[in-house]
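S.K.: Next input, structure requested:
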Amino acid sequence: MLPAKQSVADFWEREACGERYGAQQDEVRYQLEPEILRVAQFDTGGGQQVLEIGVGMGADLVRWARAGGNVTGVDLTSRAVELSRQRLEAEGLHGAVLRADAEHLPFVSGAFDVVWSWGVLHHTPDSDRALIEAARVVKPGGRFAVMVYHRRSWLAAAAWVRWGLLRGKPCTSLNDAVGHVESPGTRAYIQRELELLLRPHLQQLRVRPVLTHWDRRVAPGLARCTGNRFGWFLVVEGVKR
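M.R.: Next up, the predicted model:
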C-alpha cells in the first residue's frame, strides 16, 4: 500500500467512524446526519444487490440488510470489516463484508443495483478514481448515491481559519485546509468538478450541497441565513447510463 493510503488506513484502524459513540452510535449518527435517511431510502433496498463503500461501524449496511437487500460492504480497514460482520451476525442478517480498496473495487462492472457511500470517498488519495470505480460497478439503470465533502462550505472555511489564518498562513488554500479534517489528505469538491467527472457515467445526475450540524456549529447565524448553499455535504445522485 502506498504511504498516503497507508496513513489513511492507519487513522481509521485506530477508531472506526462513529466508534467513539459506543452503543449509542446508531442514534447519534442519524440524529446528527438525518440527511442519510432521506438520501439512502433504505426501505427501497429489498431484493436489490447493494454495495456500500466504507462501512464504518456497519450502521447503514445493517439497515440495507434489514430492508431485504443482498448486501456487500467493503472498507479499507480490518477494524470496520470486523465490526460490521459482528453487527450483521448479532441480528441474524446475511451479507458479505470484505477489506478492499475503493480505488480498485474487486467486482465486475455492473454488479450492483445500488452503490452507496456516505462520507468516505474523499478520504482515499485518488478520490476521483474511487468515484469513477463506484459508478463502474452500478448496473445500467441502477442507482448511485454518494456523499463527499464540499469545499465551498462553512466547515471548510472554519478549517481554513484553524489551519491557515491562525497559524499565520493566510495563503493556505481551502484544499490544503480541508486536508487536515479527519484522516490525512481529506479532499473536498465543488459541484462543477463532480458534474464533469461523473456525467459521462451517470444520467439524471444531481449534485447538491446540504447544510449540516457542523456548519451550524461553526457559523450559526450565517449558516441559517444562507441555507444549503454552503453546506459541508455534497450529495451526488444519479442513474447508471
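S.K.: which ones are touching the residue positioned nearest the centre of the chain?
M.R.: In the chain, the C-alpha nearest the mean C-alpha coordinate belongs to residue 119, at 2.1 Å (Cα atoms, centre = their mean). Neighbouring residues of residue 119 by Cβ atoms under 8 Å, 6 or more residues apart in numbering: 17, 54, 147, 148, 149, 233. Where you see a C-beta, it was placed from the backbone N, CA and C, and this is true even at glycine.
S.K.: tell me the pLDDT at it?
M.R.: With respect to pLDDT, residue 119 scores 97.
S.K.: Residue 164 versus that one, what's the distance?
M.R.: Distance, residue 119 to residue 164, by Cβ to Cβ, to the nearest Å: 23 Å.
S.K.: what ranges do the strands span in this structure?
M.R.: Taking DSSP state E as the criterion, the chain carries its strands at 49-53, 70-75, 95-99, 112-118, 138-150, 188-189, 202-210, 233-240.
S.K.: packing partners for the fifth one?
M.R.: With contacts taken as 3 or more Cβ pairs under 8 Å, 6 or more residues apart in numbering; DSSP states H and E, strand 138-150 sits against helix 35-40, strand 112-118, helix 127-136, helix 154-163, strand 188-189, helix 191-198, strand 202-210, strand 233-240.
S.K.: Of these, give the one that comes closest to residue 181.
M.R.: Taking Cβ to Cβ, helix 154-163 is the member of the helices and strands packed on strand 138-150 nearest to residue 181, at 5.6 Å.
S.K.: Taking their axis directions, the closest one and strand 138-150 sit at what angle?
M.R.: With axes from the mean of the first three to the mean of the last three Cα atoms, to 10 degrees defining the directions, helix 154-163 sits at 50 degrees from strand 138-150.
S.K.: List the buried residues for helix 154-163?
M.R.: 154, 155, 156, 157, 158, 159, 160, 163 (16 or more other Cβ atoms under 10 Å).
S.K.: and if you look at stretch 37-51?
M.R.: For stretch 37-51, a neighbour-count test (16+ other Cβ under 10 Å) marks 39, 40, 42, 45, 48, 49, 50, 51 as buried.
S.K.: what distance separates the start and the end of that stretch?
M.R.: End-to-end distance of stretch 37-51 (Cα to Cα, to the nearest Å): 16 Å.
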